[in-house]
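[1] need a 3D model of the following:
(one chain, ligands or ions: 1)
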Amino acid sequence: MTTVRVGVNGFGTIGKRVAAAIAKQPDMTLVGVAKTHPSFEAREALRSGYRLYVTGTGDLAAFDRVGLRTAGRVEEMLHDVDVVVDAAPDKVGQENLHLYQEAGVRAVFQGGEKSDVAEVSFNALANYAAAKGHRTVRVVSCNTTGLARAASVLTTRWEVDHWEATIVRRAADPAETKRGPLNGIIPTLQIPSHHGHDVNSILPQLHITTTAVVVPTTLMHVHVNNVRFRTGPKDAAELVEALRGTARFHVFARWEGIQGTPQVMEFARDRGLGRSDMMENVLWEEGVRVDGRTATFFQAIHQESVVIPEVVDAIRAMFDLAPDAAHSIAMTDRALGIPPPP
Ligand code: NAD
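    Below is the predicted model:
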């Protein structure tokens, strides 16, 4: 089997998960990861058997001083890869672009970059084929990924007139101790919020409007979706079946006792996938209502992990390693342990 050689530039929340996911794919080889500073995460990268490179403003001597063995600077990693996954902080991917162009390697960027960083914005369910053959692809952000997945299920079955979503955003990731708010609800005063526009970077025909508020939690985001159909599902059961029957959706039944995001993450810890990640869109069966031509449903999105399988699929699409989205999604999910639809 052909294997694509992959490097990961930036080893934080997203980069370390991407590296672990790539290492599990049968058609990909993880060449190494690049980190700016020595830290427990750099040590864990070495313990996982990854080659460690130094990136950004980082200094090789700083790693030497604490006994962390590096394989050189990021440019050397780029020399040995077919594609790099940029997982640097927001907007730094754009600054890194020239490195990738100079090395002549393809690049996958994250949702913290503007859409023009890459030739195409990507979500596997929504527009897998659009990434085929491209040299640069942007995997959209966690919230956009969640919305695009749900929208691709609904728009392929029914005719959506208008989609309105309120995004209740987590304030920070669990390890991000410098961000708040600690106590408060911060409305995003730009109306509509950028998320709907971002969904249109992959589903241009969808009429979608989003608003957002930031709340003091680190666990997950929650979306409140109101969808008006021209032709839609006849009842909530039909809508639930469509979502439950699609890869990367997890629908909890009432009896499971999942009141909110704390229980979702408790479930994820009990399930024990990777870093107790929840890579699927999470829905509550009783939190889905269909009333005439309007559907309302909640979904929760684990911001740290929801994009990880999408990055893997983006690489497979760029290199045309699978016949279509369904094959790539099934292959990725099998390798990551994400259960297939029942
Ligand atoms: P992070 O801060 O956890 O990690 C970024 C890493 O990049 C850090 O290790 C940092 O040291 C390193 N870095 C700094 N300068 C660099 C440079 N010049 N080159 C390479 N690496 C550099 O950030 P993150 O949460 O992993 O986010 C990475 C990207 O993923 C952003 O675009 C973000 O918007 C996107 N994203 C984040 C989340 C999330 O919830 N954390 C979800 C989806 C998408």
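
[2] going by C-alpha atoms from here, please, whenever you check contacts or count neighbours.
    Fine.

[3] let me see the mean pLDDT of whatever helix or strand A237 lives in.
    Element membership of A237 [criterion: DSSP states H and E] is helix 236-244. Mean pLDDT, helix 236-244: 98.

[4] partner strands of the helix or strand following that helix, with direction?
    Next in sequence after helix 236-244, counting helices and strands by DSSP H and E, comes strand 249-252. According to DSSP bridges, strand 249-252 forms sheet pairs with strand 281-284 (parallel).

[5] what is the burial count for V74?
    Burial of V74 is recorded as 23 neighbouring residues (other CA atoms under 10 Å).

[6] now do the helices in the stretch 51-200 of the chain.
    Using DSSP state H, counting those that start in this stretch, the helices found in the stretch 51-200 of the chain span residues 60-65, 74-79, 92-103, 124-127, 142-157, 194-199.

[7] may I see those helices arranged in CSV, with distance to I186 as well?
    Putting the helices of the stretch 51-200 of the chain into CSV (distance: least, CA to CA, whole Å) gives the following:
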stretch, distance to I186
helix 60-65, 39
helix 74-79, 38
helix 92-103, 25
helix 124-127, 30
helix 142-157, 17
helix 194-199, 16
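
[8] relative to N9, which of those is closest?
    Evaluated over the helices of the stretch 51-200 of the chain, closeness to N9 peaks at helix 74-79, with 7.4 Å, by CA to CA.

[9] can you tell me how far the residue of the stretch 101-250 of the chain found nearest the ligand is from T136?
    Nearest residue of the stretch 101-250 of the chain to the ligand, counting by CA to the nearest ligand atom: G112, 3.2 Å away. Between G112 and T136 the distance is 15 Å, computed by CA to CA, to the nearest Å.

[10] quick one, phi/psi of A212?
    Dihedral angles phi and psi of A212 (degrees, to the nearest 10) take the values phi -140, psi 150.

[11] now it, nearest residue through space, not along the chain?
    For A212, ignoring the flanking residues on the chain, the nearest one in space by CA to CA, 6 or more residues apart in numbering is I167 at 4.5 Å.

[12] tell me the contacts of the one you found?
    For I167, the contacting residues are 143, 210-213, 221-224, by CA atoms under 8 Å, 6 or more residues apart in numbering.

[13] which one of those is nearest T57?
    Distance to T57, by CA to CA, is smallest for N143 among these, at 29.7 Å.

[14] and the helices in the stretch 201-342 of the chain?
    Residue ranges of the helices in the stretch 201-342 of the chain, as given by DSSP H, counting those that start in this stretch, are 236-244, 261-271, 308-318, 325-336.

[15] and the ones you listed, which is most packed in?
    Greatest average neighbour count among the helices of the stretch 201-342 of the chain goes to helix 308-318 (a mean of 26), per mean count of other CA atoms under 10 Å.

[16] list the contacts of that one.
    Judged by CA under 8 Å, 6+ apart, the contacts made with helix 308-318 from elsewhere in the structure are 14, 17-18, 21-22, 83, 85, 108, 122-124, 128-129, 131-135, 137, 139, 279, 322, 325, 328-329, 332-333, 336.

[17] now that helix - C-alpha only, PDB.
    Output for helix 308-318, consisting of C-alpha atoms alone and laid out as PDB, is shown next (Å, rounded to 0.1, in the frame of the first residue of the first chain):
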ATOM      1  CA  ILE A 308      -8.900  15.200  14.000                       C
ATOM      2  CA  PRO A 309     -10.600  12.600  11.700                       C
ATOM      3  CA  GLU A 310     -11.300  15.400   9.200                       C
ATOM      4  CA  VAL A 311      -7.500  16.200   9.000                       C
ATOM      5  CA  VAL A 312      -6.800  12.500   8.200                       C
ATOM      6  CA  ASP A 313      -9.600  12.500   5.500                       C
ATOM      7  CA  ALA A 314      -8.200  15.800   4.000                       C
ATOM      8  CA  ILE A 315      -4.900  14.100   3.400                       C
ATOM      9  CA  ARG A 316      -6.500  11.100   1.900                       C
ATOM     10  CA  ALA A 317      -8.500  13.300  -0.500                       C
ATOM     11  CA  MET A 318      -5.500  15.400  -1.500                       C
END
